[in-house]
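J.: got a structure for you, letters missing:
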């Protein structure tokens, strides 16, 4: 089933590869549109002194290497969001989940498809009503995972359309996974070798609420090992 899905996806990619037939409008694939990403400035949208934005600023400063970056306010974002030459990293909320979203700016009504907005990747980082604050602890991993996905999406059409699962390679042999929240925080903060943490993200932080997202990633290099949503 998985192999058939991959074949279908590849067929779709082939059909969508940039082409121009009989005067029809040109169609661009996601990977194609990401080829200039590293040359674009990524504007990181920060709102006030909330701990979440403080953590985002700190970890972007420490870990963001895939493109030039600057910080901006929500007001500046509103003025610049239609600019196709700028990318944005911002906090968004949907269905009780807080996401960290990377996108390219643009105008949805622009006749040139290359100048329309494009969501690159959106990763769940917290539940709106989850008081645990785990997003502050795991922010380094979230920043790294977004960059890993973007790199993969630039190199592969299959990866570009597969989302986070494109870079989820499975837990390597010899790596221990910690899923208890307290233990997970301890080993992640201590960067315990040969270890990974599995975190649950839901509207209130419990397994009883939906939607539920589970991510498993390495405590040292932050590689994503698994991702699921239910």
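T.: Done, it's in. Note that this is a predicted model, so its numbers are computed, not measured.
J.: Kindly confirm my reading that residue 62 forms part of a helix.
T.: Yes. Under DSSP: H, G, I helix; E, B strand; the rest coil, residue 62 falls within a helix.
J.: ok, the nearest residue to it once chain neighbours are set aside to residue 125 distance?
T.: Excluding its sequence neighbours, the residue lying closest to residue 62 (Cβ to Cβ, 6 or more residues apart in numbering) is residue 140, at 7.3 Å. Where C-beta positions appear, they are placed from N, C-alpha and C, glycine not excepted. According to Cβ to Cβ, to the nearest Å, residue 140 stands 12 Å off from residue 125.
J.: quick check: mean pLDDT across the longest helix anywhere in the chain?
T.: If you go by DSSP state H, the chain has its longest helix at helix 134-155. Average pLDDT, helix 134-155: 98.
J.: Quick one: list the elements packing against it.
T.: If you count contacts as 3 or more Cβ pairs under 8 Å, 6 or more residues apart in numbering; DSSP states H and E, helix 134-155 packs onto helix 30-33, helix 51-63, strand 97-104, strand 118-127, helix 157-160, helix 181-189, strand 195-201, strand 213-218.
J.: Next secondary structure after the last one?
T.: So the one you mean is strand 213-218. The first helix or strand that comes after strand 213-218 along the chain, using DSSP states H and E, is strand 224-229.
J.: Roughly how far does residue 207 sit from residue 214?
T.: According to Cβ to Cβ, residue 207 stands 10 Å off from residue 214.
J.: Compute the number of surrounding residues for residue 229.
T.: Residues near residue 229, counting by other Cβ atoms under 10 Å, number 15.
J.: so what's it bridging to?
T.: Legend: beta-bridge partners of residue 229 under DSSP bridges are residue 213.
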